[in-house]
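> Provided below for reference: sequence and predicted model.
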2 protein chains.
Amino acid sequence: MPPIPELEEIRRKQIIDATLLTLSHKGYAKATMAEIAAAANMSKGGLAHYFQSKQELFKAAFTEFYRLIFDRVEREADLIDDPLDKLLGFESLFAADDPDVEWGYPLLFDCMSVAGRDPEYRTLFSRWVDNWVVLLSRIIREGMDAGLFSPLEPEPMARTISAIYQGVATRWFLAPEDHSYEWAFHSYQTAIRGLMAPYIIANQP
Amino acid sequence: MPPIPELEEIRRKQIIDATLLTLSHKGYAKATMAEIAAAANMSKGGLAHYFQSKQELFKAAFTEFYRLIFDRVEREADLIDDPLDKLLGFESLFAADDPDVEWGYPLLFDCMSVAGRDPEYRTLFSRWVDNWVVLLSRIIREGMDAGLFSPLEPEPMARTISAIYQGVATRWFLAPEDHSYEWAFHSYQTAIRGLMAPYIIANQP
DNA sequence: CCCTTGACCGACCGAGCGTCCGGTCTATAA
DNA sequence: TTATAGACCGGACGCTCGGTCGGTCAAGGG
């Protein structure tokens, strides 16, 4: 009998946090169960009590990871009023010194790498993308409702925008010597403006 | 004394081909030296005779891989005359049934995943990008020389274009249910047209 | 005909890994 | 107080893999 009924939830969170921490500086391939157990102040056996395999644990960790990211992005989008500015304003994701960013990208690359062969991880990746698409679609609809954008299909446009964001961010992250923050931000903004240009209704004077 | 002096080159090519083949359906993490050796019709010892470590072999293989891709892309670009059409015309890279494409993307994701932590692979990734940038910059310069584009900095634009291409292609490859060929091609073309629009000189009637 | 050289073999080693499992401890129920 | 169940421990097991190393064989030089 568990003394505290929520113990399982607490432990799972504790383990997942430790997994993300370990993953962040070791990577998917080199993170071991022993290391994760140690980071969670637990033994390998205790860890196995809550997650029966490494795969299961990693999938739970990755799911938790993108939940974290979206909480954050959504909060930031809420602070901006103008829909176009919202679309253009993901600068916080180009913050090199932010720990979330620093280990978030490698984690995403790990997921993509595995997804190249494993359908289950492909689903994880799709869900990651879907979150972005939902967020961006909502912003586009806001713009249409406010009479700022002329009618367009929100979802394909949202997918295009997020794909462009990901492409630019990947370069910036993996080859920063050749892709400065300025380049990344300018590239992203120019590309999005170019895409949205046909749909932006000139503001009345 | 080797009976054929070029034997070493032949063997290295043979091994690298086998490595790419093995990598293509096993992935970086799960491809073993024994398997590669078998694919090269050779023993582990023979393999070790030419490549002293797995890392060394993989780096050579990846370098060869992007040489292959660029030979191909360059040849295809040569077939098109109009510079803008060249920029817009990488459709062969959205060919799902092409074996080069089918295993090329996973290989690139593997490289990116390792590059997230390993500076040597980061350099490999940079070189991969640089190849694209050189190719695209040349096309942009052609357009400027031909009076089709007004003056612009070719390199940053080339980097933006290739980043967008990569972002779109990644989605198309990893989440094809949600990102059709039509979506990918339209997204890429629309984005590039939007970027280039300010620099396209209206053709005289 | 022997000796050297280099290509190549494949059994083996040792490290590292995920998983399993017998056991211990603690808290509740009887 | 005793019994029981679940939480957790940590060593052992089995396996895989990269790298090594003594050996074989064929070709050419002396």
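Arrived safely, thanks for sending. Numbers count the residues shown, from 1 in each chain, chains lettered A, B, ... in the order given.
> Up against DNA strand D, what does chain A have?
Contact residues, chain A versus DNA strand D (C-beta under 7 Å from any atom of the strand): A:1-2, A:7-8, A:11, A:41-46, A:48-50. From N, CA and C alone the C-beta is placed, and that goes for glycine too.
> Would you check how far apart residue A:114 and residue A:125 are?
9 Å (C-beta to C-beta, to the nearest Å).
> more crowded one of the two?
Neighbour count, other C-beta atoms under 10 Å in any protein chain shown: between residue A:114 and residue A:125, residue A:114 has more, with 25 against 22.
> ok, the more buried one to DNA strand C distance?
Distance, residue A:114 to DNA strand C, by C-beta to the nearest atom of the strand, to the nearest Å: 14 Å.
> Apart from its chain neighbours, what residue comes closest to residue A:28?
Closest residue to residue A:28 apart from its sequence neighbours, by C-beta to C-beta, 6 or more residues apart in numbering or on different chains: residue A:110 at 3.8 Å.
> Apologies, that question was intended for residue A:190.
Spatial nearest neighbour of residue A:190, excluding adjacent residues (C-beta to C-beta, 6+ apart): residue B:195 at 6.2 Å.
> residues touching the one you found, list them.
Taking C-beta atoms under 8 Å, 6 or more residues apart in numbering or on different chains, we find residue B:195 in contact with A:190-191, A:194, B:157, B:160-161, B:164.
> repeat that for 10 Å
A:187, A:190-191, A:193-195, B:87, B:152, B:157, B:160-161, B:164 (C-beta atoms under 10 Å, 6 or more residues apart in numbering or on different chains).
> what comes up buried for the helix or strand harbouring it?
Element membership for residue B:195 (DSSP states H and E) is helix B:181-196. Neighbour-count burial for helix B:181-196 flags B:183-185, B:187-192, B:194-196 (criterion: 16 or more other C-beta atoms under 10 Å in any protein chain shown).
> Helix A:181-196 and that helix, what's the angle between them?
110 degrees (axes from the mean of the first three to the mean of the last three C-alpha atoms, to 10 degrees).
> Low-confidence regions, chain A specifically.
Within chain A, the ranges that satisfy pLDDT under 70 run A:1-5, A:203-205.
> okay, now the domains of it?
A:1-52, A:58-199 (automatic domain parsing).
> So which residues of chain A form helices?
Secondary structure of chain A (DSSP state H): helices at A:7-30, A:33-39, A:44-50, A:54-78, A:83-88, A:99-115, A:119-145, A:154-174, A:181-196.
> Could I get the contacting residues of the closest residue to residue A:39 other than its chain neighbours?
In this structure, residue A:39 finds its nearest non-sequential neighbour in residue A:18, 3.8 Å apart by C-beta to C-beta, 6+ apart. Contacts for residue A:18 (C-beta under 10 Å, 6+ apart) come out as A:35-42, A:47, A:57, A:61.
> want to throw those residues into a markdown table with distance to DNA strand C?
Output for the contacts of residue A:18, formatted as a markdown table (distance: C-beta to the nearest atom of the strand, whole Å):
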| residue | distance to DNA strand C |
| --- | --- |
| A:35 | 7 |
| A:36 | 8 |
| A:37 | 8 |
| A:38 | 11 |
| A:39 | 13 |
| A:40 | 13 |
| A:41 | 16 |
| A:42 | 12 |
| A:47 | 8 |
| A:57 | 8 |
| A:61 | 13 |
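> Just the buried ones from these?
By neighbour count, with 16+ other C-beta under 10 Å, the contacts of residue A:18 hold A:35-37, A:39-40, A:42, A:47, A:57, A:61 as buried.
> Out of those, the closest to DNA strand D would be?
Taking C-beta to the nearest atom of the strand as the measure, DNA strand D lies nearest residue A:42 of these, at 3.8 Å.
> quick one: that closest one and residue A:35 touch, right?
No: taking C-beta atoms under 10 Å as the definition, residue A:42 is not a contact partner of residue A:35, at 11.5 Å.
> on that earlier part again, I'd like to know which of the buried residues of helix B:181-196 is nearest to chain A.
residue B:194 (2.3 Å; C-beta to the nearest C-beta).
> Surely that closest one and residue A:192 touch.
Yes: the pair residue B:194 / residue A:192 is scored as a contact, 8.7 Å apart, by C-beta under 10 Å.
> Around the residue of chain A found nearest DNA strand D, how many other residues sit close by?
Proximity of chain A to DNA strand D (C-beta to the nearest atom of the strand) peaks at residue A:45, 1.9 Å away. If you count neighbours by other C-beta under 10 Å, residue A:45 ends up with 8.
> now the one 3 residues further on
By other C-beta under 10 Å, the residues close to residue A:48 number 15.
> Repeat that for the one 4 residues further on.
Summarising burial for residue A:52: neighbours were counted as other C-beta under 10 Å, giving 10.
> cool, the one 3 residues further on as well?
Using other C-beta under 10 Å, the number of residues around residue A:55 comes to 13.
> distance of it from residue A:121?
Using C-beta to C-beta, residue A:55 is found at 9 Å from residue A:121.
> which residues are in contact with both of those two?
Common contacts of residue A:55 and residue A:121, defined by C-beta under 10 Å, 6+ apart, comprise residue A:114.
> got a list of contacts for stretch A:39-58?
Here stretch A:39-58 makes contact (C-beta under 10 Å, 6+ apart) with A:8, A:11-23, A:26, A:28, A:31-38, A:59-61, A:107, A:110-111, A:114, A:118, A:120-121, A:124.
> and that stretch, C-alpha only, in PDB?
The C-alpha trace of stretch A:39-58 is given here as PDB (Å, rounded to 0.1, in the frame of the first residue of the first chain):
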ATOM      1  CA  ALA A  39      20.200  11.200 -11.500                       C
ATOM      2  CA  ALA A  40      16.800  10.300 -10.100                       C
ATOM      3  CA  ASN A  41      18.400   9.300  -6.700                       C
ATOM      4  CA  MET A  42      17.200   5.800  -7.200                       C
ATOM      5  CA  SER A  43      18.500   2.400  -8.100                       C
ATOM      6  CA  LYS A  44      18.200   0.700 -11.400                       C
ATOM      7  CA  GLY A  45      15.600  -1.600  -9.900                       C
ATOM      8  CA  GLY A  46      13.500   1.200  -8.600                       C
ATOM      9  CA  LEU A  47      13.500   2.700 -12.100                       C
ATOM     10  CA  ALA A  48      12.400  -0.500 -13.600                       C
ATOM     11  CA  HIS A  49       9.500  -0.600 -11.100                       C
ATOM     12  CA  TYR A  50       8.000   2.400 -12.900                       C
ATOM     13  CA  PHE A  51       9.200   2.100 -16.500                       C
ATOM     14  CA  GLN A  52       9.600  -1.400 -17.800                       C
ATOM     15  CA  SER A  53      11.900  -0.500 -20.700                       C
ATOM     16  CA  LYS A  54      14.200   2.100 -21.900                       C
ATOM     17  CA  GLN A  55      12.100   2.800 -24.900                       C
ATOM     18  CA  GLU A  56       9.000   3.400 -22.800                       C
ATOM     19  CA  LEU A  57      10.800   5.700 -20.600                       C
ATOM     20  CA  PHE A  58      12.300   7.700 -23.400                       C
END
